[in-house]
Every structure is written in structure tokens, then in C-alpha cells.
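Asker: build the 3D model from these lines:
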Amino acid sequence: MAESKPANKSRPHNKKRLGDLLFEVGLITKEGLDKALGEQKKTGKRLGEILTSQGLISELMIAQTLASQLGYKYVDLNEVELEPEALLMIPESLARKHLAIPISIKNKCLTVSMVDPLDYESIRDLGFHSGLEIHPMIASKREILNTIERNYLDTSLESIVQETQENFNDSILQIIPDITATDEIKTIEERARLAPIIKLANLIMTKAIKSRASDIHIEPYLKGLKVRYRIDGLLNEEMQLPKWVQNPLISRIKVLANLDISERRMPQDGAVRVRSDHREIDLRISCLPTQYGEKVVIRILDQGRQIISPETLGLSKKDLVSLSSLIRRRKGLILVTGPTGSGKTTSLYSMINRIKSETTNILTVEDPIEYSIEGINQTQVNPDIGLTFARCLKSILRQDPNVILIGEIRDAETAEIAFRAAITGHLVLSTLHTGDAPSTITRLIDIGIPRFLVASLLVGVIAQRLVRCVCPKCKEPTKPSEESLISLNIPRDALKNITFYYGKGCSYCNYTGYQGRSGLFEILILSTRIREMISANASEQDIRAAALAEKMSSLGEDGLNKVREGITTIEELVRVIEAEEELQSICHKCNRYIHIDFLACPYCGTSAAHHCASCGKPLQPEWIICPYCKEKVTEEKRH
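Answerer: The predicted structure is shown next:
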């Protein structure tokens with residue numbers, strides 16, 4: 001590339017050096033200048049740097065003086081938005097060498113803010129590297145260095161893209177359909193269509209899909225941008241990017257989702273469908289303004305994912321029989337409960353997949369449609385046009401359905417219509433956010449559903465959680481940590497016949513020790529006795545006690561069974577199941593789950609080992625004295 005000519009303003013029509021100019025305007029003395037020049041000959045440092053280090057003048061004063069005397073514009077870099085394509089023209093090493101930061105490109109002219117606009121060697125070097133005419137502006141050294149720190153990382157964007165792309169040479173992300181931008185958007189979109197930015201956006205999405213991620217988080221911070229993937233329920237940091245990548249990368253994603261690129265102060269939601277490895281995948285995109293810019297979360301919905309069967313959810317044999325009995329019903333309401341990300345929708349779809357047949361009319365109302373199932377009619381709500389869950393359900397009831405799936409009961413109106421559908425002879429399946437199965441009854445009553453309707457129409461509740469499974473490739477026996485046992489209130493003598501496992505980490509599980517997830521379940525089938533208790537205003541605790549007496553396995557018991565079977569780890573169980581969710585203790589003889597208040601195991605009759613023999617009060621495993629009666633606790637006195 002031929003050496004470019006400097007811009008008109010940087011042509012040496014005035015060859016006065018920085019020191020002479022500062023002396024002429026009276027900012028430094030002749031003695032001070034001579035002393036600084038002598039120091040410059042010895043050290044080779046810039047004159048301005050020497051003058052400021054000797055306290056003769058400030059960086060800001062130098063910049064403002066040069067600007068006023070030479071006709072250059074002084075720029076406050078804290079108030080200027082740097083164009084990403086300009087930053088691509090000058091690498092970090094060159095910016096630091098010449099104390100220059102590129103700001104914008106226009107008409108083949110690169111505007112650069114510099115400490116010394118009279119440094120023609122630096123201007124010539126920047127012009128030669130960029131192939132553009134250099135238009136210098138002035139800023140202080142401190143501002144330029146701070147801006148370099150904010151907008152560059154040690155690794156360039158090209159090398160980040162290249163490093164990430166090595167694992168995905170055969171992967172092509174195709175946008176469906178191709179985006180046709182309006183004239184108003186094209187200018188901003190063109191700035192977001194830099195080749196590295198397009199590659200980076202595609203690689204972030206492609207790698208997330210291949211890593212089985214459910215969500216992508218793109219999070220802005222003061223000095224950079226962080227990308228995290230949610231894999232198996234936990235967020236993992238994937239990469240850190242320079243700050244200047246933030247706006248073009250987010251603009252690129254917003255263009256794909258047909259969102260307003262110029263709007264950065266209000267939340268926005270959109271969607272785009274892509275094709276990766278011959279699979280169609282829906283991406284739900286949410287933008288939220290934060291302190292340091294817009295945060296973007298991308299939800300990944302794999303439309304080509306195979307619907308799993310109830311047998312593969314992780315249900316125990318007993319719970320599988322209970323679930324099968326529920327989905328054989330022809331009317332009533334079945335609810336799946338749990339927090340966000342606990343696998344409720346997957347369980348619903350597995351049930352629908354089992355129910356569907358040529359003789360059954362199944363309709364769904366969802367937000368969003370996470371699986372496309374052949375043979376059923378699926379409707380996605382659209383609140384922007386007034387198509388809410390409640391409005392869809394009113395229309396669905398006129399479509400002669402046998403089975404209705406409601407994505408989520410969010411309010412009293414949706415709950416009332418769901419119960420109305422159940423009372424008219426339909427089987428209704430839906431989800432609700434509650435902690436466990438018995439508390440679902442309380443939640444429905446709080447919403448406003450009469451007790452008699454809950455008692456007569458609710459046929460079953462499935463509460464669930466998801467735990468990560470131990471990696472089968474690096475699975476090894478281990479001893480449970482003392483901290484985990486204390487958290488679960490499990491006495492050590494109850495663990496004699498149990499082998500615990502953990503994953504030491506390997507390439508198959510990305511060195512996490514876990515691969516895939518399994519469900520923990522608590523299935524409450526409403527018996528005649530429980531229906532009578534609901535109608536009689538029984539408490540949630542009484543209903544739970546009655547359900548346990550009817551052999552309902554709690555979330556805690558199911559979790560301990562999966563630990564015992566080597567499916568998951570006790571540490572993972574502590575993470576997912578909290579003490580208030582009934583995970584308290586197990587019998588030291590039959591290894592069955594028992595509540596902390598039980599004085600004896602209801603299954604084998606053995607006295608509970610976590611109660612004081614003197615006063616009968618519950619004891620914690622690590623206690624050496626009973627805090628209630630002050631009796632010293634020994635193994636003989638633990639009954």
C-alpha cells in the first residue's frame with residue numbers, strides 16, 4: 001500500500017515544535033524548556049511527557065493550548081462514541097506507540113485524537129497503516145490511555161474470532177428469512193455488518209447451540225463485554241470482549257430480530273429463526289437497558305429437538321406409574337409446578353406426546369412454542385395485539401378439544417377459564433410457579449379459585465426440579481463433604497451402605513464433572529381423603545402429611561434416591577433442594593427419607609437417631625450437647 005498523504009490540516013505549514021509554541025504563549029520559561037529538551041536528548045521521551053512529569057505544565061493545558069493556537073479541535077473522549085470500524089483501522093500496539101485513538105471514518109479520512117498533532121512521523125505511520133488520510137484532533141494523554149484501556153483488549157477481535165472459529169469450521173448459521181432492512185436502518189446496519197462483527201455474532205450463537213446452552217447472556221460492563229452461556233442450568237463465562245464491540249454486536253443481533261437499533265433506553269423483545277446443522281432453531285431475543293449499556297439475553301429453542309417420553313424424564317418406577325395413571329384421565333386439571341428452568345414444559349410435552357392419537361383433538365396455548373409436535377394444534381400468544389392466554393382459551397373452548405395444554409397459569413382469569421374447561425369435561429394440562437406439590441393447592445385458592453372447585457377438578461400435581469447428572473466418563477466414588485451432610489441434617493451412621501460419586505472432570509463434560517440433567521419429582525394424586533381435607537379447609541402441612549402417608553415421594557426423598565443410585569452428587573442436591581423443601585434426614589437402618597420431627601421411622605419402626613434420648617427434642621448431627629435439656633449427646637443417647 002502506498003504511503004498516504006497527510007490531511008490538509010496536518011501539512012507542515014507551521015513547523016513550530018511543541019516546546020517553541022508553549023514558550024511563545026508564555027506557558028513555560030526558556031530555562032524550563034532548555035532543561036526539558038536536555039532531558040529529552042538523554043531519555044528519548046516525548047517533550048510533553050517530560051514537561052508534565054517536571055510539573056511545568058498539565059496535560060490538559062498542553063492539549064487546550066495546542067488546540068487554540070494551531071486551530072485543531074480539542075475533543076473530550078469521555079463524551080465521544082468511537083466508531084467500531086475506525087478502531088479496526090489502528091491496532092492497540094500502534095495506538096499506544098503514537099498515543100492516538102481513532103474516532104471515525106468519513107470520505108476516506110480517518111479522524112484521530114492525538115496528544116501531539118505536530119508529530120508528523122506518527123501521522124505518517126498511522127496513515128501508512130490504515131491507508132487513509134489522517135485528520136488529527138487533540139486530547140490529553142490520560143484521556144487517550146484511558147480510552148485505549150476501555151476499547152482494546154490484549155487480544156484483538158480477529159484473533160478471538162479465529163480462535164473460536166477453529167472448532168466450528170463446518171458450521172454455518174443461516175438466518176431464516178434473510179433480513180431486508182428499511183432505508184432508515186441501513187446506515188446503522190452497515191456499521192454493524194463489519195465482517196468480524198458478523199462472524200463473532202454467528203460464532204457466539206453457533207457455539208451456544210453446539211454446547212447445548214439454553215440461553216446466551218451478553219452483558220456490558222464498565223471496561224468490556226462479557227458473554228455467558230447457561231448450560232445444564234448454570235451460567236458459564238464463555239468470552240470477554242473489548243468495550244467497542246458492544247454497540248455493533250448488539251446492533252447486529254437487534255437487526256436480526258427486527259428490533260429498533262436506535263432505541264437504547266427502552267426494553268425490546270424480538271425473535272429470529274436460524275438453521276444450524278440442518279436444524280431449525282428459534283432465538284428469542286430480549287434487550288434490557290442497564291448502567292453500562294444494553295444487556296441482551298437470547299433464549300435458544302431447538303425446533304428439531306426430539307420430544308422425549310415420560311420414561312426418560314428421570315421418574316422412579318413408582319412415580320412413573322403415578323404419572324401414567326394421571327395422563328389416562330379424560331377430564332380434570334393436571335398441573336406441573338416448579339421454578340423457572342425446572343423442566344416443566346418438557347414434562348408437559350412428554351405427556352402430550354403420550355396422549356396424542358388420531359381420535360384425540362389436542363390444542364395448546366403457549367408463550368413461546370418450544371417444541372413443534374406433529375398432530376396437535378399449537379397457538380402462540382401475542383399480547384401486543386391482545387392475543388392473551390385468556391382470550392386464546394375462550395376461543396379454544398369452541399374448537400371441540402379433548403385435551404388443552406396451557407403454557408402457564410399466570411393470573412386469576414386464566415385459572416378460571418382452565419377450571420371452566422375442566423368442569424365441562426376436558427383434560428387440561430398447565431404449569432404454575434410453586435415450591436412443591438401441596439403448596440399448589442394453597443396457591444390456587446389464593447388466586448381466587450373456590451375450594452370446592454380445587455377439590456373436585458384438580459386430579460394431580462407434579463412438582464419438579466432439575467439436577468445435573470454425574471459425567472459417566474469420569475465418574476468416581478467419593479466421600480460426602482461434612483458441609484453437605486450438615487446442610488441436609490443427615491447423620492453419618494445413616495450413610496454406611498451408600499456409595500457416593502462425583503465427576504473429576506474430562507473433555508466429554510468440559511471438565512465440569514457433570515453431563516446432562518435429570519428430574520426430581522414429587523407427584524401428588526388427589527385421593528378422596530385429600531379432597532375432603534381441601535374442602536374442610538385443612539392446612540398445607542396437614543395435606544402434605546396425608547400425601548406422605550399415602551406413599552407420595554417428596555422432592556427430597558427422590559433426590560436422595562438419585563444420590564444413592566449414583567445419578568447425581570450430594571453437593572448438587574444441596575444446591576437444588578433447600579432445607580425448607582423437606583430434605584431433612586434419613587433413617588439410619590432402612591435408609592428411607594424421614595422428616596426431622598419424626599421420633600421414629602414410619603417405614604421400619606426404628607427410633608430416629610436425631611432426637612435426644614432425654615427430652616425427645618430434635619438434634620443436629622454435629623451437636624455434642626442437647627440445647628434443650630443440657631444433656632451430653634453420645635451415640636448411645638441419640639435415639
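Asker: need the contact list for the residue lying closest to L37 once chain neighbours are set aside.
Answerer: Distances taken as C-beta to C-beta, 6 or more residues apart in numbering place G19 nearest to L37, at 6.4 Å, with adjacent residues excluded. The C-beta positions use only the backbone N, C-alpha and C, and glycine is treated the same way. G19 makes contact with I28, L33, A36, L37, L47, L51 under the criterion C-beta atoms under 8 Å, 6 or more residues apart in numbering.
Asker: same check on S395?
Answerer: So S395 contacts nothing (C-beta under 8 Å, 6+ apart).
Asker: do the same with L348
Answerer: Counting by C-beta under 8 Å, 6+ apart, L348 has contacts V336, L405, L429, S430, T431.
Asker: can you name every helix or strand that the helix ranked longest in the chain contacts?
Answerer: When the chain is parsed with DSSP state H, its longest helix is helix 195-210. Secondary-structure packing of helix 195-210 (3 or more C-beta pairs under 8 Å, 6 or more residues apart in numbering; DSSP states H and E): helix 157-165, strand 173-176, strand 215-220, strand 224-231, strand 234-242, helix 246-256, strand 268-276, strand 293-302.
Asker: alpha carbons only: can I get it in CSV?
Answerer: Extracted C-alpha coordinates of helix 195-210, given in CSV (Å, rounded to 0.1, in the frame of the first residue of the first chain):
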residue,chain,number,x,y,z
ALA,A,195,-17.0,-8.8,8.8
PRO,A,196,-15.5,-9.6,12.2
ILE,A,197,-18.7,-8.5,14.0
ILE,A,198,-20.9,-10.7,11.8
LYS,A,199,-18.5,-13.6,12.3
LEU,A,200,-18.5,-13.0,16.0
ALA,A,201,-22.3,-12.9,16.4
ASN,A,202,-22.7,-16.1,14.3
LEU,A,203,-20.0,-17.9,16.3
ILE,A,204,-21.5,-16.9,19.7
MET,A,205,-24.8,-18.3,18.6
THR,A,206,-23.4,-21.4,16.9
LYS,A,207,-21.1,-22.3,19.8
ALA,A,208,-24.0,-21.9,22.2
ILE,A,209,-26.2,-24.3,20.1
LYS,A,210,-23.4,-26.9,19.9
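Asker: give the buried residues for it.
Answerer: 196-209 (16 or more other C-beta atoms under 10 Å).
Asker: what's the closest of these to E557?
Answerer: A208 (35.2 Å; C-beta to C-beta).
Asker: and that closest one, how close does it get to G460?
Answerer: Distance, A208 to G460, by C-beta to C-beta, to the nearest Å: 36 Å.
Asker: equivalent analysis for I417, please.
Answerer: I417 is 20 Å from G460, by C-beta to C-beta.
Asker: got it, and H278?
Answerer: Applying C-beta to C-beta, the value for H278 to G460 is 39 Å.
Asker: name the residue in those two with the higher neighbour count.
Answerer: G460 (21 against 6; other C-beta atoms under 10 Å).
Asker: how about the more buried one, what does it touch?
Answerer: Per C-beta under 8 Å, 6+ apart, neighbours of G460: S322, L326, G332, I334, L335, I523, L524, I525, L526.
Asker: do K356 as well
Answerer: K356 neighbours (C-beta under 8 Å, 6+ apart): I362, I373, G375, I376.
Asker: what does the pLDDT read for the last one?
Answerer: The pLDDT attached to I376 in the predicted structure is 87.
Asker: the closest residue to it other than its chain neighbours: how many residues sit nearby?
Answerer: Once flanking residues are discounted, I376 sits nearest to I362: 4.1 Å by C-beta to C-beta, 6+ apart. For I362, the tally of surrounding residues (other C-beta under 10 Å) stands at 21.
Asker: okay but I362 is in contact with N377, surely?
Answerer: Yes. Assessed by C-beta atoms under 8 Å, I362 is found in contact with N377 at 7.0 Å.
Asker: can you pull out the helices in the stretch 501-639 of the chain?
Answerer: 528-535, 540-549, 555-564, 570-576 (DSSP state H, counting those that start in this stretch).
Asker: would you turn the ones you listed into TSV with mean pLDDT, distance to K223 and mean neighbour count?
Answerer: TSV is the format used below for the helices of the stretch 501-639 of the chain (pLDDT from 0 to 100; distance: least, C-beta to C-beta, whole Å; neighbours: other C-beta atoms under 10 Å):
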stretch	mean pLDDT	distance to K223	mean neighbour count
helix 528-535	93	56	16
helix 540-549	85	49	17
helix 555-564	86	41	23
helix 570-576	85	31	21
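Asker: now those helices as a markdown table including distance to T340?
Answerer: A markdown table is the format used below for the helices of the stretch 501-639 of the chain (distance: least, C-beta to C-beta, whole Å):
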| stretch | distance to T340 |
| --- | --- |
| helix 528-535 | 27 |
| helix 540-549 | 22 |
| helix 555-564 | 16 |
| helix 570-576 | 13 |
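Asker: show me the contacts for L524.
Answerer: By C-beta under 8 Å, 6+ apart, the neighbours of L524 are A437, P438, T440, G460, V461, I462, A463, I530, A547, M552.
Asker: phi and psi next, for the first one.
Answerer: By that I understand A437. phi -70, psi -50 (degrees, to the nearest 10).
Asker: tally of neighbours for it?
Answerer: By other C-beta under 10 Å, neighbour count at A437 equals 27.
Asker: quick check: bridge partners of the residue lying closest to it once chain neighbours are set aside?
Answerer: Nearest residue to A437 in three dimensions, chain neighbours excluded: L524, at 3.7 Å (C-beta to C-beta, 6+ apart). Applying DSSP bridges to L524 gives these bridge partners: V461.
Asker: per-residue pLDDT, L524?
Answerer: pLDDT, L524: 94.
Asker: quick one: I373 from V403, how far?
Answerer: Counting by C-beta to C-beta - I373 and V403 are separated by 12 Å.
Asker: what about those two, which has more around it?
Answerer: V403 (22 against 16).
Asker: check contacts around the nearest residue to R531 once chain neighbours are set aside.
Answerer: Leaving out its chain neighbours, the residue that sits closest to R531 by C-beta to C-beta, 6+ apart is A455, at 4.4 Å. Applying C-beta under 8 Å, 6+ apart, we find A455 in contact with L526, R531, E532, I534, S535.
Asker: mean pLDDT, distance to G131 and mean neighbour count for the helices and strands packed on helix 195-210 - can I get that in a markdown table?
Answerer: Below are the helices and strands packed on helix 195-210 laid out as a markdown table (pLDDT from 0 to 100; distance: least, C-beta to C-beta, whole Å; neighbours: other C-beta under 10 Å):
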| stretch | mean pLDDT | distance to G131 | mean neighbour count |
| --- | --- | --- | --- |
| helix 157-165 | 61 | 17 | 16 |
| strand 173-176 | 68 | 31 | 14 |
| strand 215-220 | 95 | 31 | 20 |
| strand 224-231 | 91 | 28 | 20 |
| strand 234-242 | 88 | 22 | 16 |
| helix 246-256 | 87 | 21 | 23 |
| strand 268-276 | 86 | 35 | 18 |
| strand 293-302 | 91 | 31 | 20 |
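Asker: of these, which is nearest L66?
Answerer: strand 234-242 (28.6 Å).
Asker: sorry, back to before: ok, the residue nearest to L37 to I204 distance?
Answerer: Applying C-beta to C-beta to G19 and I204 gives a distance of 50 Å.
Asker: quick check: which of the helices and strands packed on helix 195-210 is nearest to Y501?
Answerer: Closest among the helices and strands packed on helix 195-210, once you apply C-beta to C-beta, is strand 234-242, at 19.0 Å.
Asker: show me what that closest one is packed up against.
Answerer: Counting by 3+ C-beta pairs under 8 Å, 6+ apart, strand 234-242 packs on helix 157-165, helix 195-210, strand 224-231.
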